[in-house]
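Colleague: I would like the atomic coordinates for the input below:
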Amino acid sequence: MSLSAEELFEEALKLPERERRAFALRLLESVRDESLEEVEAAWADEAQRRLDELRAGRSQPIPWEEARGRIFARG
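Modeller: A predicted model of the protein is given here:
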């Protein structure tokens with residue numbers, strides 16, 4: 001007998017949190033196109049690019065309160 005996705009989800013919710021996290025990560029990894037290392041490398045490259053932009057004066061930082069306001073205004 002095969003479980004539907006909804007039935008499998010309901011069963012997975014019965015697992016302890018630690019096991020649910022491990023299950024979720026394994027499931028996510030099964031459909032990722034990029035490895036975790038590739039994602040981390042891309043974020044590191046992006047952070048360096050942004051730092052370089054700041055140091056070169058091509059972008060300006062904004063106060064956290066303003067950034068937070070912009071973020072929550074999108075919702």
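
Colleague: so what touches the helix or strand encompassing residue 40?
Modeller: When elements are assigned from DSSP states H and E, residue 40 belongs to helix 36-55. Helix 36-55 is contacted from outside by 29, 34, 59, 60, 61, using CB atoms under 8 Å, 6 or more residues apart in numbering. C-beta here means a position set from N, CA and C on the backbone, and glycine is covered the same way.

Colleague: can you count the residues close to the residue nearest to residue 3 when sequence neighbours are not counted?
Modeller: Leaving aside its sequence neighbours, residue 3 sits nearest to residue 11 (CB to CB, 6 or more residues apart in numbering; 6.9 Å). Residues lying near residue 11 (other CB atoms under 10 Å) number 10.

Colleague: I'd guessed residue 11 sits against residue 19; true?
Modeller: No. Using CB atoms under 8 Å, residue 11 makes no contact with residue 19, being 11.5 Å away.

Colleague: from the contacts of helix 36-55, which land in strands?
Modeller: Judged by DSSP state E, the contacts of helix 36-55 include no members of strands.
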